[in-house]
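Participant: Any chance you can model this:
(4 chains)
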2 protein chains.
Amino acid sequence: MRRATGARRPRPRQADIAKLAGVSQATVSLVLGGKPDVVGIAADTVRRVHEAADELGYVADPAALRLARRQNYLLGVHTFSATFPVDIENSYYPFLAGIEEQAGARGYDIVLFTGSAPESRPAAGRAGAIHRLRLADGCILFGRRVPRDEIARLLDDDYPVVYIGRRNELGDRLPYVGADYVTASRDVVLRLAGLGHEKIRYVREEDVALASEDRQAGVLQGLAEAGLTGVAPPVLPCAAEDVTADWVRTEVDAGVTAFVTEATDTSVVARAVGRAIAAAGLRCPQDVSLAMLGEYVVQPAGEPVTTGFAVPRREMGRAAVDLMIDLLAGAPVPARRRQSLMACAFVAGETTGPRT
Amino acid sequence: MRRATGARRPRPRQADIAKLAGVSQATVSLVLGGKPDVVGIAADTVRRVHEAADELGYVADPAALRLARRQNYLLGVHTFSATFPVDIENSYYPFLAGIEEQAGARGYDIVLFTGSAPESRPAAGRAGAIHRLRLADGCILFGRRVPRDEIARLLDDDYPVVYIGRRNELGDRLPYVGADYVTASRDVVLRLAGLGHEKIRYVREEDVALASEDRQAGVLQGLAEAGLTGVAPPVLPCAAEDVTADWVRTEVDAGVTAFVTEATDTSVVARAVGRAIAAAGLRCPQDVSLAMLGEYVVQPAGEPVTTGFAVPRREMGRAAVDLMIDLLAGAPVPARRRQSLMACAFVAGETTGPRT
DNA sequence: CGGCCGATCTAAAGCGTATTAGACTCGTAT
DNA sequence: ATACGAGTCTAATACGCTTTAGATCGGCCG
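Facilitator: I've put the predicted structure just below:
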């Protein structure tokens, strides 16, 4: 059976052009490959080949092209979640946007690897879905869950991988593009300090995540730089249900004039703090200031924009692509570029004001 | 030079597996191809091959697969815009979400073909970037701009294509999954009629688009069915700046009790009508009713949900994948399935009430 | 006049996989 | 003992393109 799927019309090949132009297939390849001058093809021959190609409506078979060139111009994108984070509310989406954008600019296409490894795909190998990624020239990864061993395996094989988000589980082996949460968080605290706030309460979630640790480090650094030690402990990990109006009142009575929370996947604690402040009858920024280390993925309708910072997700996506392409080029990439952090823009918002 | 790009370790091939398992490459292909029982391979051999494949982390090269078998379980997605519509506000995104979802469920991965044809990729053919799509088994297309000729070319070559959105430029040759704007629009009008409204003003944008024509047809059909001919002309194409508070007052004075607008990319006219009604000091639905043929991609913060209908974008994306896979199977697909329209769900909203 | 050279072009060997005709074992029946 | 068939596996080729070593040819120099 010549054609696997139906009776598709065979497309013109270089061999057909060659026959028509009275040259060899190799010559056709050289001419159409754009290097007739490099190898040395007579101008007249070039013209004949082009005419024949136009006449037949030749278009190179991309599969054959990629096979022969050993490069697919395909960048993979994979998160380790069961299903691809396609929800708009999902904070992953802007990464995808940036990746797509830059990949397009650089002449690469994107393959979205869905989370589940389909059994229906024969010959795809059964060694775990992760190896499917190898279909692409390289793969950009992101997601909370980081299967250390699987990634290590890819790295062992010199398969090009770039993580979005700071990831030091594998030392300096895993290239990444992260966000500079430390500096951004420090800046937020310094802004508050600059507004006269001295007793600042930082509330974070209990969940341990690298991004949260970085924010906390930034907060502590900011407090130290501002010479603020007014509130002890400076960091308060807590669950959303512990954040009540009563708790807010207690804090304020103790002298707290500014609250700082963190943005996470769900930002439950941040939302809880906002609600609790309102429930306590306090207004931002008149009565207390409220800042957030990050920002809501979707701004809650009708609420003022919270002071905080914006993670440059789109830019990170773009940077990841650039890094990946550099890695693909094979040239050595300096360490500072293999693992980099991007600055987050301060968001003034409307919930922060001078201490009152 | 063996490796085109640096000194990366070559990905494992079937030949490597064969060596490791002590069999021939052909055997590996048969085993991994999923037909060891058809041809007859000993269970023990099958096991050895699988073990070797797992150990090496084998994944078939998509280009080679495509070349040899003309199928690689890759679905293309392409819009004809210069850059892929990755903006969250872009109404295209839900399509992508649905496509991704269903493709994953069916064992296909997605290739996003970016709009721009990179010059950096020589020999990709000079007949337009669209032929790049052929790397995928088939391609799902959408977008406003429809390059008729390029699509015709793909169809001529029997390349499987599915359009998202009704497209009749190519008669019944181009399979599509559209939305039934006619019925949905008719229903909205009938609802208004059912609420007692007799003078209904339909305002549409001046831009001519198939989707707009369908909506208009639905409106006219609904008006006819309800026996309403109170307002002439029934359809009013206009620019956003023409929609002013004065205009609204004039309309209302003329007896209009309900306004109908259309959702578009930007929905400028729809927004303008909403603002003009408010500027005229009228409230919905107390003073006048307001309905929209479609819905805002992002609900404007703080505003009530407008009565209208929801285009099932995600479902359309899924349906497009299913249709595509059926087409790929090669079996004849009945016309009603090749070109289908999906129902839009009515959105009650809060801007419509009984005539007062 | 032989040899060398530059200018053109081609033959052939991949790239990694699928597919098919047949080769090679064993048993078993003749 | 021979033949035969079922059960396994492999050799060989095709897919359409790139790449490189070398073939061919006319001209020119010594």
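Participant: Which residue, other than its chain neighbours, is closest to residue A:112?
Facilitator: Distance criterion C-beta to C-beta, 6 or more residues apart in numbering or on different chains; nearest residue to residue A:112, sequence neighbours excluded, is residue B:110 at 4.4 Å. For glycine as for every other residue, the C-beta is placed from the backbone atoms N, C-alpha and C.
Participant: What about that neighbour, how many residues nearby?
Facilitator: Per other C-beta atoms under 10 Å in any protein chain shown, the neighbour tally for residue B:110 reads 24.
Participant: and if you look at residue A:229?
Facilitator: When neighbours are counted by other C-beta under 10 Å, residue A:229 registers 11.
Participant: quick one, strands of chain A?
Facilitator: Taking DSSP state E, the strands of chain A run over residues A:74-79, A:109-113, A:138-142, A:161-164, A:176-179, A:200-204, A:235-237, A:258-262, A:289-293, A:308-310, A:339-342, A:345-347.
Participant: Hmm, residue A:97 is touching residue A:316, no?
Facilitator: No: Residue A:97 lies out of contact with residue A:316 (C-beta atoms under 8 Å); the separation is 10.6 Å.
Participant: that older thread, who's in contact with the residue nearest to residue A:112?
Facilitator: By C-beta atoms under 8 Å, 6 or more residues apart in numbering or on different chains, residue B:110 lies in contact with A:111-112, A:114, B:74-77, B:99-100, B:103.
Participant: now swap in residue A:161 and tell me
Facilitator: A:138-141, A:151, A:154-155, A:174-175.
Participant: Turn the contacts of residue B:110 into TSV, including pLDDT, distance to DNA strand C and neighbour count.
Facilitator: Formatted as TSV, the contacts of residue B:110 follow (pLDDT from 0 to 100; distance: C-beta to the nearest atom of the strand, whole Å; neighbours: other C-beta atoms under 10 Å in any protein chain shown):
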residue	pLDDT	distance to DNA strand C	neighbour count
A:111	86	16	24
A:112	84	21	24
A:114	69	20	26
B:74	84	14	22
B:75	89	18	27
B:76	90	20	23
B:77	90	24	28
B:99	91	25	29
B:100	86	25	27
B:103	87	20	28
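Participant: Just the closest of the contacts of residue A:161 to residue A:199, please.
Facilitator: Among those, residue A:174 lies closest to residue A:199 (C-beta to C-beta), at 39.9 Å.
Participant: count of neighbours near residue A:236?
Facilitator: The number of residues packed near residue A:236 is 15, by other C-beta under 10 Å.
Participant: how near is it to DNA strand C?
Facilitator: Going from residue A:236 to DNA strand C by C-beta to the nearest atom of the strand, to the nearest Å gives 54 Å.
Participant: what's the distance between the closest residue to that residue other than its chain neighbours and residue A:258?
Facilitator: In this structure, residue A:236 finds its nearest non-sequential neighbour in residue A:203, 5.1 Å apart by C-beta to C-beta, 6+ apart. Using C-beta to C-beta, to the nearest Å, residue A:203 is found at 11 Å from residue A:258.
Participant: Give me the more crowded residue out of the two.
Facilitator: When neighbours are counted by other C-beta under 10 Å, residue A:258 comes out ahead of the other of residue A:203 and residue A:258, with 29 against 22.
Participant: Look up how far DNA strand D lies from residue A:108.
Facilitator: Using C-beta to the nearest atom of the strand, one obtains 18 Å as the distance from residue A:108 to DNA strand D.
Participant: Show the contacting residues for that residue.
Facilitator: Contacts for residue A:108 (C-beta under 8 Å, 6+ apart) come out as A:73-75, A:137, A:321, A:325, B:114.
Participant: Repeat the analysis, applying 6 Å as the threshold.
Facilitator: Residue A:108 makes contact with A:73, A:75 under the criterion C-beta atoms under 6 Å, 6 or more residues apart in numbering or on different chains.
Participant: Give me the distance between it and DNA strand C.
Facilitator: Distance of residue A:108 to DNA strand C, computed by C-beta to the nearest atom of the strand: 19 Å.
Participant: returning to that earlier point: name only those of the contacts of residue A:161 that count as buried.
Facilitator: A:138-141, A:151, A:154, A:174-175 (16 or more other C-beta atoms under 10 Å in any protein chain shown).
Participant: Of all those, the one with the weakest confidence?
Facilitator: Within the set of the buried ones among the contacts of residue A:161, pLDDT is lowest for residue A:154 (83).
Participant: Can you pull the phi and psi angles for residue A:257?
Facilitator: Dihedral pair for residue A:257: phi -120, psi -10, per degrees, to the nearest 10.
Participant: right, and it touches residue A:353 too?
Facilitator: No: using C-beta atoms under 6 Å, residue A:257 is not in contact with residue A:353; the gap is 9.9 Å.
Participant: So between those two, which is more surrounded?
Facilitator: Counted by other C-beta under 10 Å, residue A:257 and residue A:353 do not tie: residue A:257 has more neighbours, with 23 against 19.
Participant: who are the neighbours in contact with that one?
Facilitator: Contact partners of residue A:257, counting by C-beta under 6 Å, 6+ apart, are A:197, A:199, A:288, A:355.
Participant: Let me know the pLDDT of residue A:43.
Facilitator: Reported pLDDT at residue A:43 in the predicted model: 85.
Participant: In TSV: the contacts of residue B:110, plus distance to residue B:349.
Facilitator: Shown next, in TSV, are the contacts of residue B:110 (distance: C-beta to C-beta, whole Å):
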residue	distance to residue B:349
A:111	39
A:112	34
A:114	35
B:74	40
B:75	35
B:76	37
B:77	31
B:99	28
B:100	29
B:103	33
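Participant: Can you say which two of these are spatially most distant?
Facilitator: Greatest spatial distance in the contacts of residue B:110: A:114 and B:76, 15.1 Å, computed using C-beta to C-beta.
Participant: Residue A:163 bridge partners, please.
Facilitator: residue A:141, residue A:176 (DSSP bridges).
Participant: So for chain A, the centremost residue is which one?
Facilitator: The C-alpha lying nearest the average C-alpha coordinate of chain A belongs to residue A:95 (C-alpha atoms, centre = their mean; 3.7 Å).
Participant: Quick one: neighbours of the closest residue to residue A:344 other than its chain neighbours, just the number.
Facilitator: Sequence neighbours aside, residue A:184 is the residue nearest to residue A:344 in space, at 3.7 Å (criterion: C-beta to C-beta, 6+ apart). Applying other C-beta under 10 Å, we find 25 residues neighbouring residue A:184.
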